[in-house]
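[1] What follows is a predicted protein model with its sequence.
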Amino acid sequence: MSFEKDPFNVIIGGVGGQGNVLASQIIGHILVSQGYVVTIGETYGASQRGGAVMSHLRISARDQFSPLVPEGQCHLLVALEPVEALRILGHYGNPEVMTLLNTRPIHPLDVISGDVTYPEVCIVVNKIQELSRRVWTLNATEIALEMGDPIFSNMVMLGALSSIEVIPIDRLAFEATIEELLPPAKLAENMEAFDKGRVVLKRH
């Protein structure tokens, strides 16, 4: 497939512990195997677990670009947390950006302690829809919890990403990459999570 832009800029955003760094590695591995040039950069917030984490992927048919997406030039946001999605769109969004959103919030410590209030998710989602050309939503965390572990939410999101067909990620390529990057014992559960993400978005 050919991308609308070259480079095509993707940001995977969430908080520490959600697995978006692994998700970016999987996407990059799949695309490089298809002949694309992919540059990946990571940015971390105050703490590894619970702080903001962003993975920047710059995908090109021919050239290597600097690893971080310039402000206002994200083409696709894959957001594992709603408020983080809003924050990223504020810096990197533009009228053409598309957003794939996990709607389950993760409350930071200042919310848990009662110092600040987390906004209503429906209000956050509405704002994300206002700021994006197209939005796909799913509760990837709930799907992962049904499997027994919220850690699978990143794989659910990758399945959803393959379903929207903005990036060429198919099941066979995902399976081959998982076999290469993760221990064999992890394959079945990760494939299940991927398939569940695909199915949920195909129902939309």
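    Structure's in. What do you need?
[2] Every contact and neighbour count from this point should use C-alpha atoms.
    Will do.
[3] Verify the contact between R134 and V97 for me.
    Yes - using C-alpha atoms under 8 Å, R134 is in contact with V97, at 7.3 Å.
[4] More neighbours: which of these two?
    Neighbour totals were compared for R134 and V97, and V97 leads with 21 against 15 (other C-alpha atoms under 10 Å).
[5] ok, and the residue most central in space within the chain, which helix or strand is that part of?
    Note on the chain: the residue nearest the mean C-alpha position is V78, at 3.1 Å, using C-alpha atoms, centre = their mean. V78 belongs to strand 76-79 when assigned by DSSP states H and E.
[6] That strand pairs with which strands?
    Each strand paired with strand 76-79, and its direction, by DSSP bridges: strand 8-15 (parallel), strand 98-102 (parallel).
[7] Report the beta-bridge partners for the residue nearest to the centre of the chain.
    I12, L100.
[8] Which per-residue confidence value corresponds to it?
    As predicted, V78 sits at a pLDDT of 98.
[9] again with the one 5 residues further on
    The predicted structure scores V83 at 92 on the pLDDT scale.
[10] just checking, what packs against the helix or strand it falls within?
    V83 is part of helix 82-92 when elements are defined by DSSP H and E. If contacts are counted by 3 or more C-alpha pairs under 8 Å, 6 or more residues apart in numbering; DSSP states H and E, helix 82-92 sits against strand 8-15, strand 98-102, helix 121-131.
[11] Alright, that wraps it up for me.
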